Structure formats: structure tokens, C-alpha cells
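>>> structure of the sequence below:
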Amino acid sequence: MSKNLIVKSYEFVEARYKLTPAEAKLVALLIGQIEKDDKDFKSHSFYTNYLLDILGLGEKNHHHLERITENLMSRILKIKEEDKFIQVAFLSSAVYHEKEGLVNLQFDPVLKPYLLELKEKFIKYRIENILSLRSFYSIRFYELLVKWEKIGSFTMSIKEIRRIFNIKDNEYKLYTDLKRNIVLTAQKELEETSELYFTFKEFKPSRKVIELQFFVIRKNPEEKPAEQLSFLPSPVEVEKSKETFNQELLNRLTDSFALSEKQSKKILAQYDETYVIEILNVVEKDYKEGKVKKIAPYLLKALEDDFRPKKTVHEKEIEHKKKGQDQKISKFIEEKEILKNLETDFRTICNEKATKIINELPPEEINKSFPDWLVKSNAFTFKIYQTKGIKNLFVRIELQKYVTEKYLPAEEQDFITYARSKGYKLEKKAGEYKIMVLIKS
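Purely as a prediction, here's the structure:
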């Protein structure tokens, strides 16, 4: 399995627990170290500086990291199965090696069925997809979206939302508070920063909202599956990679820009190579034009403040226009796919209802008026009916249409009404449907 590919069972995804964002990300980092063929949990080593950096804790905040690992040995994950209920801590141990700057972490063995040797009912995604998320609820919602993406939507009762997110009875007692602090917070952050986000629809049979239907949306439908994309290097590999820089670029920094090897390596570890090269070209140009006296300090300032030439208003307008066109195309493709799925589901439901009616109708009732309808609707199929009867496939299709028109209530035959029940307001123009409004709270 690729490093930092997060794979976990459905039971884990829907388990009851609450963590801080940093705690949730550390659990994900540890899951990312699991190999496909692992049969038992191993103790995995992380450089503490790496964890402080990637979790956004601050360069010297070791006490915070220690508090996080301590919490993960006491916070409880609750998993409900058909015949048992499990309460388990996330970590079984955290061993700090202060001289080496390492910490060894290991999962509790009880979690093995939910993280190791998974053959079915599991999700997988790249850890990069959650590292930028600031809310724990955004992380949990993201994993639910991954689970339900192929289906396209899922429904959760308010009670279920409270259970999964481990919301205490005295927290967010009012639905409006839960909606604002959990659902809308996650929705906003995912839409801004993630490739997967959601819209939702409220269900309230009376005056009280009892459940929400979530609609899964992917910004770029053509995006490759997670396992085909590049991944973060492992924590140990990150430290080792600092010794394998682009030698040509390293030489350029030391020879042409009067930096020490240590300074040069620090720059290449901190910044993307493409960005460094662009800044070097800017600094080199300024130096040749006599704008720079001390090249090394100027370079460090240029890297920190991004001295690359700013785009002109015209360039920004062109870029903005192109982005807008791309978004329109993406939206058009997405809308067509939604309409296609809606129409398929609608036809399936209508046909199922019609088939049920056909099976309940007496044969004489069908034979009384169906032939007259069929001869006007489809003369070719009427000839088949005369010789083959209603068991013929083409005749059955026409019979379903006939029964739908004659026996189903008008609102059940109306595609626009059906789409509205699924959260979409449609309008028909020139024989084609168009999504006008995505109905959400």
C-alpha cells in the first residue's frame, strides 16, 4: 500500500468519537504507515519535528505533541456491531526518544479488524486531502463523503449525527446551533479547500428537523483515483530526503548567491524547487541591473516576501476569465450528469410502480382499453401485440407507459416534482431540463 494512503473500514468511519483536528490528523498519519500485507500493528517512528510541522503545532511545541499522544491513549473510540459494542483507545503506546528526536506510536490491537487486511467495505483517500482542514467535523464529513461518493447522497438523522460526532447531551441542544457550528462549518470549509464537498436538505415532517440528506459533489469529476496520485513521503523519508537535494540547484545557491551549504539545504527543504528557481532568476536580474549590493540577504528576503513580478490587471483578467470558463464547463458537465442520474432513477421508479399495477390489474381491464391506446401511440408495436400479446418485451414497455399515464397520479408522473423532492428545482426549456436552483437549507 502506498505510504500516506488512508484506508479504514466503514465501521471506523461511522464510529463514535471526538478528537481535536491535530489528534485526528496524527491518527491519519499513523494509519498512512500501515502496509497492505501487515497482519499486526507495528510501532512506527516519526521525527517529532516532522509532526510539529505537519500538524501545525509550532517548531518547539513539544509539550503540545506530548499532550496529543497522551490524549490519544485515553480518548475512547466506540464501535457498534451487530453482536457487540467496542470501546477502545486509539493508541496503545507512545515512546519518545529525546536524543534522536523520535517518537514511536502504535495502535491498540483491538483496532486490527478495522484497519488491517481490509477486503471490502472500506474507504481510501490521500492524507493530503485532510491536512489543510481546520475543523474536526470537516475531517469526519470528508470521510463520509468518500464513503458515499459513488452513491451520490446519504441521509443521517439528527440523532445519528450527534452519535457519530460524540456530541454530549448538553452541547448544541438546539438544531440551529448544531447546524451552524457543525454542518455549515464543515460545508463551508470543504467547499473552499477540498475536492469533495456537500449540499444538504432538511426533512421536517412537522415543525422539527429530524434528518438531513447530504448530496456529495466532486469539484473535478475527472480527477484520478487516490491510489494513482503521488503521496507525501514518510516521516523518516522526509528527514533522509534532506540529504538528496537537486545538486545543480544546490551548487547554484552556494556558488552564485554566496550562501553556505547549510543555508542552501534549508532553503531547498523549505521551498518548492520551481519557486526557488523563479526567485533566483529575479534576484539575478536585479543584481545585474545594479539594484542589489548584498546578494545573499536580498535572496533570503526575496524568498520570504515573493519578489516575483506581479501579474498586470490585463493578465489577471485573462486568467480570471479562463478560470470562469473552466468553472462553467465543469458546472455544465456536472449538471448533465446529475440530470441523467435523476431521469434514470425517475424512470426506474415509474416503471416499478407501473409493473406493480399491471400485476394487480385483471387481464380484461388491460385488454379493454390498452389496444385502442396502443394503436394510436405506436402502430408498429400494436401489430406485434396482435400476434405476440402483452408478454412481448416491446409491448410490455408500451404497456408500462400506458399504465403510468392512466393510473399513476399526475404528480408522480411529473419529473420536475420528483427532482424537487431530491433537492433540485428544474425548468424545461426547448425540450430540455435545466437545474435552476439547488435547494438547500
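
>>> in this protein, which spans are strands?
5-9, 44-47, 76-80, 85-89, 91-97, 102-107, 122-126, 153-157, 196-203, 211-218, 424-429, 432-438 (DSSP state E).

>>> report the beta-bridge partners for I217.
Y197 (DSSP bridges).

>>> in contact with it, which residues?
Neighbouring residues of I217 by Cβ atoms under 8 Å, 6 or more residues apart in numbering: L196, Y197, F198, T199, E334. C-beta: built from backbone N, CA, C; applies to glycine.

>>> JSON lines please, covering the residues you listed and showing distance to K36, pLDDT and neighbour count.
Shown next, in JSON lines, are the contacts of I217 (distance: Cβ to Cβ, whole Å; pLDDT from 0 to 100; neighbours: other Cβ atoms under 10 Å):
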{"residue": "L196", "distance to K36": "24", "pLDDT": "92", "neighbour count": "21"}
{"residue": "Y197", "distance to K36": "29", "pLDDT": "93", "neighbour count": "22"}
{"residue": "F198", "distance to K36": "30", "pLDDT": "94", "neighbour count": "24"}
{"residue": "T199", "distance to K36": "35", "pLDDT": "94", "neighbour count": "17"}
{"residue": "E334", "distance to K36": "33", "pLDDT": "75", "neighbour count": "16"}
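
>>> can you pull the contacts of the residue found closest to L144 once you drop the neighbours it is linked to in the chain?
Take L144 and drop its neighbours on the chain: the residue closest to it by Cβ to Cβ, 6 or more residues apart in numbering is V13, 6.6 Å away. Contacts for V13 (Cβ under 8 Å, 6+ apart) come out as I123, E143, L144, K147.

>>> end to end, how far does stretch 254-262 reach?
Stretch 254-262 has an end-to-end distance of 9 Å (Cα to Cα, to the nearest Å).

>>> tell me the buried residues in it?
The neighbour-count check on stretch 254-262 (16 or more other Cβ atoms under 10 Å) flags T254, F257, L259 as buried.

>>> check K99 and give its pLDDT.
Looking at K99, its pLDDT is 89.

>>> please disregard the earlier target; I meant V313.
At V313, pLDDT is 63.

>>> check the gap between K429 and I435 for me.
12 Å (Cβ to Cβ, to the nearest Å).

>>> now do E364
When distance is defined by Cβ to Cβ, E364 is 44 Å away from I435.

>>> neighbour count winner among these two?
Neighbour count, other Cβ atoms under 10 Å: between E364 and I435, I435 has more, with 17 against 7.

>>> hmm, the more buried one is touching G423, no?
No: counting by Cβ atoms under 8 Å, I435 stays clear of G423, with 10.1 Å between them.

>>> number of residues surrounding F46?
Residues near F46, counting by other Cβ under 10 Å, number 24.

>>> oh, I was asking about E411
The number of residues near E411, taken as other Cβ under 10 Å, comes to 10.

>>> dump the residue contacts of it.
Counting by Cβ under 8 Å, 6+ apart, E411 has contacts T417.

>>> that one and Y418, how far apart?
Per Cβ to Cβ, E411 is found 9 Å from Y418.

>>> try L184
Distance, L184 to Y418, using Cβ to Cβ: 27 Å.

>>> who has more neighbours, those two?
Y418 (19 against 14).

>>> show me what contacts the more buried one?
Going by Cβ under 8 Å, 6+ apart, Y418 touches L342, F346, I349, E412.

>>> model confidence for the second one, exactly?
Per-residue confidence (pLDDT) for F346: 87.

>>> if we ignore the residues flanking it in sequence, what's nearest it?
Y418 (4.9 Å).

>>> quick check: beta-bridge partners of the closest residue in space to K42 that isn't next to it in sequence?
Among residues not flanking K42 along the chain, Q106 sits closest, at 7.1 Å (Cβ to Cβ, 6+ apart). Beta-bridge partners recorded for Q106 (DSSP bridges): S93.

>>> Q106 against S93, yeah?
Yes: contact criterion Cβ under 8 Å: Q106 and S93 qualify, at 5.1 Å.

>>> common neighbours of the two, please.
Common neighbours of Q106 and S93 (Cβ under 8 Å, 6+ apart) are S43.

>>> contact partners for the most centrally placed residue in the chain?
In the chain, the residue lying closest to the centroid (Cα atoms, centre = their mean) is L196, at 3.5 Å. By Cβ under 8 Å, 6+ apart, the residues touching L196 are N129, Y142, L145, V146, E149, L190, V216, I217, R218, K219.

>>> and the buried ones among the residues you listed, selectable in PyMOL?
A single PyMOL command selects the buried members of those (16+ other Cβ under 10 Å):
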select buried, resi 129+142+145+146+149+190+216+217
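
>>> nearest to Y402 among the contacts of L196?
V216 (36.7 Å; Cβ to Cβ).

>>> report pLDDT for the closest residue to S9 other than its chain neighbours.
Nearest residue to S9 in three dimensions, chain neighbours excluded: Y114, at 4.3 Å (Cβ to Cβ, 6+ apart). Model confidence at Y114, given as pLDDT, is 94.
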